[in-house]
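**Q** Sharing a model prediction with you, sequence too.
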Amino acid sequence: MTSIHVGIDIGGTFTDFVFLDEEGKRYFGKTLTTYPNPSDGFLNGLEDHLQKYGWRYDDIATIIHGTTLVVNALIERKGAKTALITTEGFRDQLEIATESRYDLYDLFVDHPSPLVPRHLRYTVKERILNDGTVLEPLDETAVKERFEKLRAEGVEAVAVCFLHSYRNGAHEARVREIAKEVAPDLYVSLSSEVSPEIREYQRTSTTAANVFVQPLVQRYLGKLENTMKERGFKGNFLMMLSGGGTCTIETAVRFPIRILESGPVGGTMAGAYYSENSKLNHLLVFDMGGTTAKASLVDHGKPLTTNEFEVGRAERFMKGSGVPVKVPVVEMIEIGAGGGSIAYVNQLGLLKVGPASASSDPGPACYDRGGRQPTVTDADLVLGYLNPDYFLGGEMKLSKTRAYESIEAEIAKPLGLDVVEAAWGIHEVVNENMAGAARIHAVEKGKDIRDYPLFASGGAGPVHVGHVAEILNVPTVMLPMGAGVNSAFGFLTSPLAFDFVRSFFGKLETLDWNYVMELLEDMEQEGKALLAQAGVTEGVEILRRAEMKYAGQTHEITVPLPNGALTSKSVPEVTENFKEAYAKLYAEAHDDMAIETLNWRVIVRGPKPALSVQVSEQRISKEAVPKAHRDVYFRTYKEYCQTPVYERQDLLPGAEIHGPAIVEERESTLVVAPGFILHVDHLWNLWMIKKEDRHDNV
Amino acid sequence: MTTFDPIQLEVLWNRFGTLLEEQATTLIRTSFTSILSDANDLSAGLFNKKGDMIAQARTGTPGHINSMATGVRYFLENIPVETLRAGDVLIGNNPYEISGHLLDITIVTPVFYQGNFIGYFASTCHVTDVGGRGFSPEGESIYEEGLHIPYMKFYSEGMIDQTLVALIRANVRAPDQVLGDLRAQVTAQEVAIARLRETLEEFGLLDIEAVGEEIMRLSEAAMRRAIEGLPDGTYENELYSDGSEKPVRLQCALTVSGDEVHVDFSGTSEGSTKAINVCLNYTLAYVNYVLKATIAPDLPSNEGSFRPVSVSAPERCVLNAVHPMPTAARHIIGHFAPVCVLGALSHVLPEKIPAEGAAAIFALQVHGDDAAGNPFSYVTFNAGGTGARPGKDGLSATTFPSGVKGTPVEIIENMSPLLVYQKELRPNSGGEGKFRGGLGQTIRFGVRTKRPFSLPLMFDRMQYAPKGLEGGGDGAKAEVSINGVAAEESKKLYTLSPEDVVTLLLPGGGGFGNITERKAEAKENDVLNGYVT
């Protein structure tokens, strides 16, 4: 009997599988995602792969799963009929929101529609103050009557969010007890459990989103688990969390909002794994797909995380245009730049690319399905980066003629350029857009982007990554083996972990440390219990953090706290930690100003899975033989040149190639520009390094 | 002269945008003013040698971004270019020439590249305090409103002016925060300068003159084309604000002639004795804002796109304040001016112009002592409804034209002794129409204190409702009551007892089109959700 670890990632188009056997060998698989029941594709794909490799269900030690189910349900508003119960006088926090417009220059801008419409938002008499004391007791009779009515109205799910419940959740807890008596079949989420964080709009929104998807997630995960058990699966079934850890199915069902971004997070976790293995302190995970590009920063093997996320941002991915959700997520920026991004000439006579996308229907002009507008993929094809006969391994033929015609008509002629210049322009402009977004993201995090080697994945990522690296002045690019199923592999590298938060506002100098310790210990115990449920009691790591700021500022920063007992004697150490964190972000801390605390966080984490990745084959060869040559355009030469084309599978560890070159594999194509050298390491990962030929003459 | 192909130009322009965004981001992250991070009450821009703005960060609120653009030239008039050295940083907060009140401090850093002076980076930032009466409508001249920093060098060849630092320190209430904010501006500009140098190097450029000219030329041409789409003629509108001691009339005549627009505010009320006066540059900034938002929302803002637009207003009127008129609360009337211009534009662009909304932000300021006897001063911003739009209802509880954000009740109650009893949408406040105006809010609060507290009201719309358009009904007026008794004046210092409860009803937006044309489904939805009862 072996023990196999399985990562399964359900994305919009494909369901990806990664199997890792006892010896550390990896097996990759991909099937089409099935609609309307993605669980079919999961179960059938798993069955097929087990048969293919000769394993049985009881050979599986762990399955870690990530899915876009939750985020899709929220974006499409396809969840339970959800009501809200809140404090009298505050019915509309979901609609009042931040009282601002996300786009100042669009007079026709709209707010995202609230998850709970006003007629399903109810208030009850109760009031708790910011110090947790009760100003007005809960009107229990009103709560009881309300639940009876909700049930009669066919409401399936109820979010409960009272003011200051992050400080005292007693009234919310009492509402649930009453609900259990009156309407035991309703799903109820309490804000003091889902997101016990100050700021009522965001907390309410998060709680509503949680309960909105809860019935759906419970049915979905229940079906998967039961079916696999029937088939003989006896291992651990875990879910990937948006924050980069994994959790049990019970936890995922209780807090489904925590698995919101579980798919994309895997890609960053894979980057984190490789950076640690490759002794890289920093890494920028760069993923460019069909409609968007995503980027995330990894420091010392850990992705940056945030507690702010927005679901379903409007077309231009603008901040404030989505529904806010306060849960730990791996920090990721997303911009409208992908293979399908449409190029056009704007009113100033300049070339612009995206964020509008030709998506898959009609798709880029070269798909020859009626698309007339030129896209990034069309430009990449004209430039010779893509092989018209080897797109998706040859499954789809691309029409170079259509690509050429569309660029000529829409870009080259209006701008007075030849078609190749125009195609290069499209390629360059989209790269500039991505590089600019990554650069600003790094600044927001107080990082210098030049310290971050790029880690490329996604269908279009490897075509563009070299030039993006050049713009960012980053000399190193890594392309992992199995980039096409990168996320599913990332799941396997992630430890069991859970993040907790409690808000407690105070000045550091005069803080009630006994209360702080109560909060911290409470969270730590809860975390340990969750891990114990999943069978992990050894090697548990506890990380404490607090969000703090100088009095008068509105932006908190995250500050690490020491473990053990904290008292007023800890103030100097905590102050030092704050200043250090502040200096890292902003360059200079101020000496004599009061510090305030807002949120207290605990991460309880199991040991990292001990992965030892091997390759099934240990051949080594410096030789690399191209499978073909074709004309490819490079800016360095300002013309096409005959360029060797390699098949990735043929490049063995030890191989070295000098650009210009093209490396093809089924899902993507790597462009190695002149001036870059490509190496293959012992795990078959590719490294693309810029030669030191920059003349920095001032 | 260097010429640029459209792709090179796009790439360079994009780089300028990115480096300015880096500047603005650095500034927001390092500043101390909550107004700055919540309301983006700042601006960042790149200027050529002549002081023409080539590009600006997208981040920022209209009153700032556009007023700094046209205000920087005053630095150049006062500090001769020949006296500039590498390491110099300029400073000033002239309220009549830049963004309208002393609280906005502008920092301008000359840029040198390969030994030559090539242009400037500038930023304007609303600092925490400048002394005087603070952010209040009560001042009766600039001398009451705080520290006026003349155009001068803040740093000379890298050395900070210690005299100025000492003066600031001695004159403002929160010197560490204010100096911290100024330092943040200087640092953010250094970041941008470093990035600009890298960009010039990469593209083999010696300066930003040619590329700047090209950017401005294209923008100007595009703006002129957009204006040409409007029929020639003069379009008028008038609008009333409660004013301070008496109502204020805003009158505008917008003249389109060929590819230029001029807005004349003749007929506007004379200046107020209180601090609600607006300088012409701030007026211009908001005129530029609404023109861009209505006819060219995707055009970048720079000197070129501003050239075809001009404003005039009689000197000393409420929209053209001159020394020593008080201006601290200039935003109230300042936010009405663009709404007045929109009304004029509705004659030519009926399909693009919304009905009137609340217009002014409702800055709720309270000061006094908390329950423990410690003094406090607290301000939050609150929004009424916006006007209905052709084809769409207005937005409820949303700031317009300002971009300020509100403050969560839980934050208010943690940071101040205020106790909020109610903050909800105000049913029936949206003007009726084919498209309904956005709803205002009902806000009810008291203060947890044992002593009387002060409420300097800076409200408006208590006398003049937001008007509907094309047959739409007016939005509900603002109302203020104390213990259920209506307050009469929207701008007045009230002193209240500890047990007093204040109720604010914020105005709704005006409706658009006739109510009889409203879809049955929309009407049902309004009733179902209690927007209309």
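**A** Yep, that arrived.

**Q** these two touch, right, residue B:143 and residue B:323?
**A** No - in this structure residue B:143 lies outside contact range of residue B:323 using CB atoms under 8 Å: 10.1 Å. C-betas here are computed from N, CA, C, even on glycine.

**Q** need the contact list for residue 410.
**A** Defaulting to chain A. By CB atoms under 8 Å, 6 or more residues apart in numbering or on different chains, the contact set of residue A:410 is A:343, A:344, A:345, A:372, A:373, A:374.

**Q** that's the wrong chain, I meant chain B
**A** Contacts for residue B:410 (CB under 8 Å, 6+ apart) come out as A:130, A:163, A:164, A:166, A:198, A:199, A:200.

**Q** What does it show for phi and psi?
**A** When quoted as degrees, to the nearest 10, the phi and psi of residue B:410 stand at phi -60, psi -30.

**Q** nearest to chain B, of the contacts of residue A:410?
**A** When the contacts of residue A:410 are compared for distance to chain B (CB to the nearest CB), residue A:345 comes out closest, at 7.8 Å.

**Q** what's around the residue nearest to the closest one when sequence neighbours are not counted, how many residues?
**A** Ranked by CB to CB, 6 or more residues apart in numbering or on different chains and with sequence neighbours excluded, the top spatial neighbour of residue A:345 is residue A:414, at 4.7 Å. As a burial measure, residue A:414 scores 14 neighbours (other CB atoms under 10 Å in any protein chain shown).

**Q** what domains does the record give for the chain?
**A** Assuming you mean chain A. Per automatic domain parsing, the domain ranges recorded for chain A read A:4-74+A:218-262, A:79-212, A:263-337+A:430-492, A:341-426, A:497-605, A:628-683.

**Q** oops, chain B please
**A** Each domain of chain B, as a residue range, per automatic domain parsing: B:6-220, B:354-533.

**Q** The stretch 101-250 of chain B against chain A: which residues are in contact?
**A** Counting by CB under 8 Å from any CB of the partner chain, the residues of the stretch 101-250 of chain B lying close to chain A are B:114, B:128, B:174, B:176-177, B:180, B:183, B:187, B:191, B:198, B:201, B:218-219, B:222, B:225-226.

**Q** tell me the helices in chain B, going along the chain?
**A** B:6-30, B:34-39, B:62-71, B:73-78, B:162-171, B:175-203, B:209-228, B:280-295, B:303-306, B:331-345, B:409-415, B:520-528 (DSSP state H).

**Q** Ranked by average pLDDT, which of the ones you listed falls at the bottom?
**A** Of all those, mean pLDDT reaches its minimum on helix B:34-39 (a mean of 56).

**Q** In CSV: the contacts of residue A:410, plus neighbour count.
**A** What follows is those, written out as CSV (neighbours: other CB atoms under 10 Å in any protein chain shown):
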residue, neighbour count
A:343, 26
A:344, 16
A:345, 18
A:372, 12
A:373, 20
A:374, 33
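
**Q** Now, those that are in helices?
**A** In this view, the contacts of residue A:410 have no member that belongs to helices under DSSP H.

**Q** Can you read off the pLDDT for the nearest residue to residue B:266 once chain neighbours are set aside?
**A** Computed as CB to CB, 6+ apart, the closest residue to residue B:266 that is not its neighbour in sequence is residue B:314, at 6.0 Å. The per-residue pLDDT reported for residue B:314 equals 97.

**Q** Wait, residue B:274 touches residue B:245, no?
**A** Yes - using CB under 8 Å, residue B:274 and residue B:245 qualify as a contacting pair, with a distance of 6.7 Å.

**Q** So residue B:191 is in contact with residue B:22, correct?
**A** Yes - because the distance of 5.8 Å satisfies CB under 8 Å, residue B:191 is recorded as touching residue B:22.

**Q** more neighbours, the two?
**A** Ranked by neighbour count (other CB under 10 Å), residue B:191 and residue B:22 place residue B:22 first, with 23 against 18.

**Q** ok, now which ones touch the more buried one?
**A** A:439, A:440, A:443, B:191, B:192, B:195.

**Q** Spit out the residues that contact residue B:191 and residue B:22 alike.
**A** Counting by CB under 8 Å, 6+ apart, the shared contacts of residue B:191 and residue B:22 are residue A:443.

**Q** quick one: which two of the residues of the stretch 101-250 of chain B next to chain A are the most distant?
**A** The largest separation in those, counting by CB to CB, is between B:176 and B:225 at 49.6 Å.

**Q** rewinding a little: nearest to residue B:259, out of the helices of chain B?
**A** helix B:209-228 (3.6 Å).
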